[in-house]
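A.B. asks: Please find the sequence and the predicted model below.
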Amino acid sequence: MGPILLAVGLAVLAWVLVVGDLVRRHRPVWHWYLIGYPATACRVLFTWRKVAQLNDLAVSKRPPRGLLGDLVVKGDPLRPVAPRISFPRATRMGLTVLVRLHAGQTPATFLKAADAFVHAWKVHAVRVTSPERGLVLLTATATDPLQQPGLASAPAELLSALIGVLESGGAWVMNLRLVPHWLIAGATRSGKSTLLARLITQLAPQPVALVGIDCKGGMELGLFADRLSALATCRREAVAVLSALVVDMQDRMSVCRSAGVRSIWELPDKLRPVPVVVIVDEIAELYLSDGTRESKAEAEQCSTLLLRIGQLGAALGLHLVVAGQRVGSDLGPGVTALRAQLGGRICHRVNDPGTAEMTLGDLNKDAVAVAQSITAEERGVAVCTGPDGGWSRARSHLTPTEEAVSTARKYAATAPELPALNRAPEVLEGGDK
């Protein structure tokens, strides 16, 4: 009877392991809630005191008696007391723990201990935030959700583009109505061009005018010329395009002033001009100069015109999406002024810490370190800012070039015409728009 029971037990165990593996691969969320979360929650509760002591998160309580100054003469031994934590709360692919700080503690010590939490709890990553004074929120993710990101979904809105998926599993959305201007930094083959292709694919079906500035001869944005209302392929053409848009912006000001409103979104539908999204690929080409007077004048004009659109365009329906491999103050003083107007930030893998600092440093120092940790194998992974001022790791959906070009051709007939650009036909690629 004994061998039979043993064989039955081994068979049941093998069946459970096989089923568990299938569930883990095909239903990872179910596997996490049923198996992963209970095991991780137990590790959090049983290791918390030890981890807190080893990482200087515990505070020693003074004994009630037996002290002479700071010298313990007689009494109870000093016993470090770990901060109180809440019961781990399950999330879709992780858990959260709320920590109540001791008097005098700051979240900085918990940031330094983040790696210790990762190893003790056997999770992919632990993020430390402070939702309010005296509290620290530890957010653990069981696995890397960006390794094989699924297709997220988001409601379709005007000037809103579903770019990819956030580390939390939610949709990564660029909403130009909420954040009107964006800065995108990334080295070669980091996923920057794929993100721009995804953005154009998402905006192409919408009643939005797309204007491209690609001073690399139009190699990148020229693929989508069918859907663009204008395309500038050199700095001279960029000056003409931006000048025409500034003139159009002044016309929109006059319409708003006559109607007694402060933005085009308060105008009636019949009077509202079409929104314009200006996509600049490789911002450095607009600012660098060969030293000649003409080159310096063009660079200064581009800097001034971009800054004017950034300062005044949000309420008038003119939006900037500026991308570049290298973004730094060495390009000129105008870059720093323009950066201040670009509230949305996206940083892919970069080759120098200065670009990560320039992109994210003025918003969140922690995000700079995370952006610098992106490896060459993580194409499409980026650190992005949200409308709430926070940041998150994210990954853009892979949009093949053929799909993006096909979408641009499909909606070529819907490309709006801008009267200001029609007055300067030399800036339109091919002259047939």
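C.D. replies: Here it is on my side, so go on.
A.B. asks: contacts, neighbours, all on C-alpha from now
C.D. replies: OK.
A.B. asks: Pull out the buried residues from the one helix or strand Gln311 maps to.
C.D. replies: Taking DSSP states H and E as the definition, one finds Gln311 inside helix 293-312. By neighbour count on 16 or more other Cα atoms under 10 Å, the buried set for helix 293-312 is 295, 298-312.
A.B. asks: and the closest residue to Trp32 other than its chain neighbours, what pLDDT?
C.D. replies: Closest residue to Trp32 apart from its sequence neighbours, by Cα to Cα, 6 or more residues apart in numbering: Met93 at 6.5 Å. Listed pLDDT for Met93 reads 79.
A.B. asks: any idea of the pLDDT on Leu17?
C.D. replies: 48.
A.B. asks: can you tell me the average pLDDT over the helix or strand containing Gly334?
C.D. replies: In this assignment (DSSP H and E), Gly334 forms part of helix 333-339. Mean pLDDT, helix 333-339: 85.
A.B. asks: Next SSE downstream of it?
C.D. replies: With DSSP H and E, the next secondary element past helix 333-339 is strand 344-347.
A.B. asks: Against which helices or strands is that next one packed?
C.D. replies: Where contact means 3 or more Cα pairs under 8 Å, 6 or more residues apart in numbering; DSSP states H and E, strand 344-347 is packed against strand 182-185, helix 353-360, strand 381-385.
A.B. asks: Going along the chain, name the helices of the protein.
C.D. replies: Secondary structure of the chain (DSSP state H): helices located at 2-26, 28-31, 37-54, 107-112, 114-121, 192-203, 235-259, 284-287, 293-312, 333-339, 353-360, 365-372, 401-410, 419-422.
A.B. asks: about what we covered before: which neighbouring elements make contact with the helix holding Gly334?
C.D. replies: Using 3+ Cα pairs under 8 Å, 6+ apart, helix 333-339 is in contact with helix 293-312.
A.B. asks: what's the helix it packs on packed up against?
C.D. replies: Checked by 3+ Cα pairs under 8 Å, 6+ apart, helix 293-312 has helix 235-259, helix 284-287, strand 318-324, helix 333-339 packed alongside it.
A.B. asks: Dump it to PDB, restricted to CA.
C.D. replies: This file holds the C-alpha atoms of helix 293-312, laid out as PDB (Å, rounded to 0.1, in the frame of the first residue of the first chain):
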ATOM      1  CA  ARG A 293      27.400  84.300 -40.700                       C
ATOM      2  CA  GLU A 294      24.500  82.800 -42.700                       C
ATOM      3  CA  SER A 295      24.700  79.500 -40.800                       C
ATOM      4  CA  LYS A 296      24.700  81.300 -37.400                       C
ATOM      5  CA  ALA A 297      21.700  83.500 -38.500                       C
ATOM      6  CA  GLU A 298      19.700  80.400 -39.600                       C
ATOM      7  CA  ALA A 299      20.400  78.600 -36.300                       C
ATOM      8  CA  GLU A 300      19.400  81.700 -34.300                       C
ATOM      9  CA  GLN A 301      16.200  82.000 -36.400                       C
ATOM     10  CA  CYS A 302      15.300  78.300 -35.800                       C
ATOM     11  CA  SER A 303      15.900  78.700 -32.000                       C
ATOM     12  CA  THR A 304      13.800  81.800 -31.800                       C
ATOM     13  CA  LEU A 305      10.900  80.400 -33.900                       C
ATOM     14  CA  LEU A 306      10.800  77.100 -32.000                       C
ATOM     15  CA  LEU A 307      10.800  78.900 -28.700                       C
ATOM     16  CA  ARG A 308       7.900  81.200 -29.700                       C
ATOM     17  CA  ILE A 309       5.900  78.200 -30.700                       C
ATOM     18  CA  GLY A 310       6.700  76.500 -27.500                       C
ATOM     19  CA  GLN A 311       5.800  79.500 -25.400                       C
ATOM     20  CA  LEU A 312       2.500  80.500 -27.200                       C
END
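A.B. asks: State the mean pLDDT of it.
C.D. replies: Helix 293-312 comes out at a mean pLDDT of 90.
A.B. asks: how far out from the middle of the chain is it?
C.D. replies: 27 Å (Cα atoms, centre = their mean, to the nearest Å).
A.B. asks: contacts for that helix?
C.D. replies: 181, 235-236, 238-239, 242-243, 246, 249, 286-290, 318-320, 334-335, 337-338, 341-342 (Cα atoms under 8 Å, 6 or more residues apart in numbering).
A.B. asks: and the closest residue to Pro275 other than its chain neighbours, how many residues sit next to it?
C.D. replies: Sequence neighbours aside, Gly317 is the residue nearest to Pro275 in space, at 4.6 Å (criterion: Cα to Cα, 6+ apart). By the criterion of other Cα atoms under 10 Å, Gly317 has 24 neighbours.
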